[in-house]
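> Test case, fold it:
(one chain, ligands or ions: 2)
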Amino acid sequence: MESWPPGGSGPAEAGPRLRGLRGADLAASASLLSGAGAGAEAGCSAPAVAAVLPAGGSGERMGVPTPKQFCPILERPLISYTLQALERVSWIKDIVVAVTGENMEAMKCIIQRYQHKGISLVESGVTRHRSIFNGLKALAEDQPNCRLSKPEVVIIHDAVRPFVEEDVLLKVVTAAKEHGAAGAIRPLVSTVISPSVDGCLDHSLERARHRASEMPQAFLFDVIYEAYQQCSDYDLEFGTECLHLALKYCHIKAKLIEGSPDLWKVTYKRDLYAAESIIKERISQQICVVMDAKEDEEHVGHRLEEMLKNELNHVKVTSGRDLQQIILEQCYNFVCVNVMTSDFEETQKLLNMLEESNLSILYPVVVISVQFLDYESVPFGQKMENLMQIREFAKEVKKTNILLYGLLVYYPQERITLTITKPEQRQELKRRKKLSAY
Ligand SMILES: Nc1ccn([C@@H]2O[C@H](COP(=O)(O)OP(=O)(O)OP(=O)(O)O)[C@@H](O)[C@H]2O)c(=O)n1
Ligand SMILES: O=P(O)(O)OC[C@@H](O)[C@@H](O)[C@@H](O)CO
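Ligands and ions are numbered 1, 2, ... in the order given. Predicted coordinates:
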């Protein structure tokens, strides 16, 4: 059974091979892959890249009834984090997920609830290789009225490896265009040994000369599709390595790319706990600045945004229109810039949305309500009196695990002076390393 969202245009025609990119400027490759930058301006269109995510396993080693790709982390299924990581990469045009028929509806609900885009679903197979093959078939078959079309390069990435960043995806895709295949590797933690038939040590491998094969991997589509078409039933049934198929059936030696420690696969229950702590660490580095779009560029609020962007990896800025989506993506930190006219209007709106979203059930949400005070126009005492009502708000929303702080930016003095309303909040903010930057 195949089902994928209707409509949408297929990926751009395959562009030039990015050959000779050894040590190349990956940023330049990214801009070309995303259809921007010099390459695109020179008239060469972005080469088409798609991804296949095998997600049809039962997760036996996890030892829980729910297949691990659907196990929740902070109330959100593990696979949704992986989809989010891939969706963030603008030059991946299609993502094909292989799930069992019985999990198809659950997968569609996850796509809808977390508003994942560009996802196509195919039925998985009884083994991982068969699931991947089904995903490749969906990309290979130019079916009428089908959004999918054959990519130049295809990424293969396990749905249970949520910590994948654009740089390693770019490296494996760039290397696959040059070599035909590429895969992420990591140093071995334990030494690999080979037992004899009587269960004793036959020999061991020199650990320094071997590596663990991880994901993502990337292939010229024609290479890996040909390999799967030639693949023996034995390999489809018992194989675990796509790079091996490219070598065995297409004589392509994959380029090996050193990956980051976070590329590991969630396999055992301990991996789920580890994934949760990594996700918590990462969301504490994500922040959303809610600023009224009417603010003119030189509004001091934009200086606040620039400073935040210098300090944190993921800073989104919204005027509020896409706030629901940002909350859905589980942002847990908000800086709400209130314009002079309304002390807490924007903050109140944000707090209401957060309380309705139940986002803070499992993990505290931090909201910093920022007021700007032009000390020439409003007496400090009167303004502070208005602002003290934030204490009442803070007490109220704390019941729903939302930590509300007030930040008064007193300007246009030369040096912006900041006032944080409570000493223990200053401690909390330092702990969250959010505002130590300014
Ligand atoms: N028939 C299968 C088996 C596995 N996978 C997927 O391949 C990835 C890596 O496989 P693995 O970690 O082995 O997952 P499981 O097979 O679910 O785990 P286990 O071996 O513990 O049952 C996972 O995203 C899994 O969902 C798949 O798409 N189809
Ligand atoms: O063997 P599993 O199905 O657990 O995992 C599949 C792959 O992730 C694993 O074989 C990597 O080494 C990459 O090939």
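> how about the residue nearest to the spatial centre of the chain, phi and psi?
Closest residue to the average C-alpha location of the chain: A85 at 1.9 Å, with CA atoms, centre = their mean. Phi and psi for A85, reported as degrees, to the nearest 10, are phi -60, psi -40.
> where does the closest residue to it other than its chain neighbours land in three-state SS?
Computed as CB to CB, 6 or more residues apart in numbering, the closest residue to A85 that is not its neighbour in sequence is V164, at 5.0 Å. Where you see a C-beta, it was placed from the backbone N, CA and C, and this is true even at glycine. Here V164 is coil, with the state taken from DSSP: H, G, I helix; E, B strand; the rest coil.
> give me every residue that touches V164.
82, 85-86, 157, 215-216, 262-263 (CB atoms under 8 Å, 6 or more residues apart in numbering).
> from those, which two are the most distant?
L86 and D262 (14.5 Å; CB to CB).
> which of these two has more neighbours?
L86 (23 against 16; other CB atoms under 10 Å).
> Is the helix or strand hosting the more buried one in proximity to ligand 2?
Element membership of L86, judged by DSSP states H and E, is helix 78-87. No. Shown here: helix 78-87 not in contact with ligand 2 (CB under 6 Å from any ligand atom), separated by at least 12.6 Å.
> wait, which of the contacts of V164 is closest to S204?
Nearest member of those to S204, counting by CB to CB, is L263, at 24.6 Å.
> Pull the contacting residues for that closest one.
Contacts of L263 by CB under 8 Å, 6+ apart are 161, 163-164, 168, 184, 186, 214-216.
> check which helix or strand covers the residue of the stretch 251-400 of the chain found nearest ligand 2.
Closest to ligand 2 within the stretch 251-400 of the chain is K265: 5.2 Å, counting by CB to the nearest ligand atom. Counting by DSSP H and E, there is no helix or strand that carries K265.
> pLDDT score for it?
Note for K265: predicted pLDDT of 97.
> So what does it look like in phi/psi?
Dihedral angles for K265 - degrees, to the nearest 10 - are phi -100, psi 130.
> just L408 next, same as before
Backbone torsions for L408, taken as degrees, to the nearest 10, come to phi -100, psi 120.
> correct me, but C71 touches P77?
Yes. Between C71 and P77 a contact is recorded at 7.0 Å, counting by CB atoms under 8 Å.
> Which parts of the stretch 51-200 of the chain are helices?
78-87, 104-113, 128-140, 166-179 (DSSP state H, counting those that start in this stretch).
> need those helices in a markdown table with mean pLDDT and distance to F221, can you?
Shown next, in a markdown table, are the helices of the stretch 51-200 of the chain (pLDDT from 0 to 100; distance: least, CB to CB, whole Å):
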| stretch | mean pLDDT | distance to F221 |
| --- | --- | --- |
| helix 78-87 | 96 | 17 |
| helix 104-113 | 96 | 23 |
| helix 128-140 | 97 | 7 |
| helix 166-179 | 97 | 9 |
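> OK, contacts around whichever residue of the stretch 1-150 of the chain sits closest to ligand 1?
As assessed by CB to the nearest ligand atom, ligand 1 sits closest to G57 within the stretch 1-150 of the chain, at 2.0 Å. Applying CB under 8 Å, 6+ apart, we find G57 in contact with 67-69, 124, 128, 131, 160.
> Could you export those residues as a markdown table, including neighbour count?
Formatted as a markdown table, these follow (neighbours: other CB atoms under 10 Å):
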| residue | neighbour count |
| --- | --- |
| P67 | 24 |
| K68 | 27 |
| Q69 | 28 |
| S124 | 25 |
| R128 | 20 |
| S131 | 25 |
| V160 | 28 |
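> The closest residue to I283 other than its chain neighbours: what's it in contact with?
In this structure, I283 finds its nearest non-sequential neighbour in Y332, 4.9 Å apart by CB to CB, 6+ apart. By CB under 8 Å, 6+ apart, the contact set of Y332 is 283-284, 286, 359-360, 363-366.
> Quickly name whichever of those residues is closest to L148.
Distances from L148 to the contacts of Y332, taken by CB to CB, are shortest for Q286, at 31.1 Å.
> is it true that that closest one touches I326?
No. Q286 lies out of contact with I326 (CB under 8 Å); the separation is 9.5 Å.
> okay, and the common contacts of these two?
In contact with both Q286 and I326: K316, using CB under 8 Å, 6+ apart.
> Get me the contact residues on the stretch 51-200 of the chain for ligand 2.
Near ligand 2, when you scan the stretch 51-200 of the chain using CB under 6 Å from any ligand atom, you find 128, 158.
> Write out the residues of the stretch 51-200 of the chain neighbouring ligand 1.
Residues of the stretch 51-200 of the chain lying close to ligand 1 (CB under 6 Å from any ligand atom) are 54-61, 67, 69, 98, 124-128, 131, 158-160.
> if we go to 5 Å?
Contact residues (CB under 5 Å from any ligand atom) of the stretch 51-200 of the chain with ligand 1: 54-61, 124, 127-128, 131, 158-160.
> Please name the bridge partners of R186.
Beta-bridge pairing for R186 (DSSP bridges): A212.
> Revised request: answer the last question for P77.
Beta bridges link P77 to P72, judged by DSSP bridges.
> in this protein, what spans have low per-residue confidence?
1-47, 142-145, 293-300, 339-343, 375, 378, 411-438 (pLDDT under 70).
> how is it carved up into domains?
Split into domains by automatic domain parsing, the chain comes to 15-192+200-278, 285-436.
> what's the most buried one of those domains?
Burial of those is given as mean neighbour count (mean count of other CB atoms under 10 Å); domain 15-192+200-278 ranks first at a mean of 19.
> From the chain's centroid, how far away is that domain?
With CA atoms, centre = their mean, to the nearest Å as the basis, domain 15-192+200-278 stands 14 Å off its chain's centre.
> swap in stretch 369-385?
Centroid separation for stretch 369-385 versus its chain: 40 Å, with CA atoms, centre = their mean.
> cool, stretch 304-315 as well?
Relative to its parent chain, stretch 304-315 has a centroid offset of 18 Å by CA atoms, centre = their mean.
> which of the contacts of Y332 lies closest to ligand 1?
Nearest to ligand 1 out of the contacts of Y332 is I283 (CB to the nearest ligand atom; 22.6 Å).
> That closest one: neighbour count?
By other CB under 10 Å, the residues close to I283 number 18.
> ok, now how distant is it from S360?
Separation of I283 from S360 (CB to CB, to the nearest Å) stands at 12 Å.
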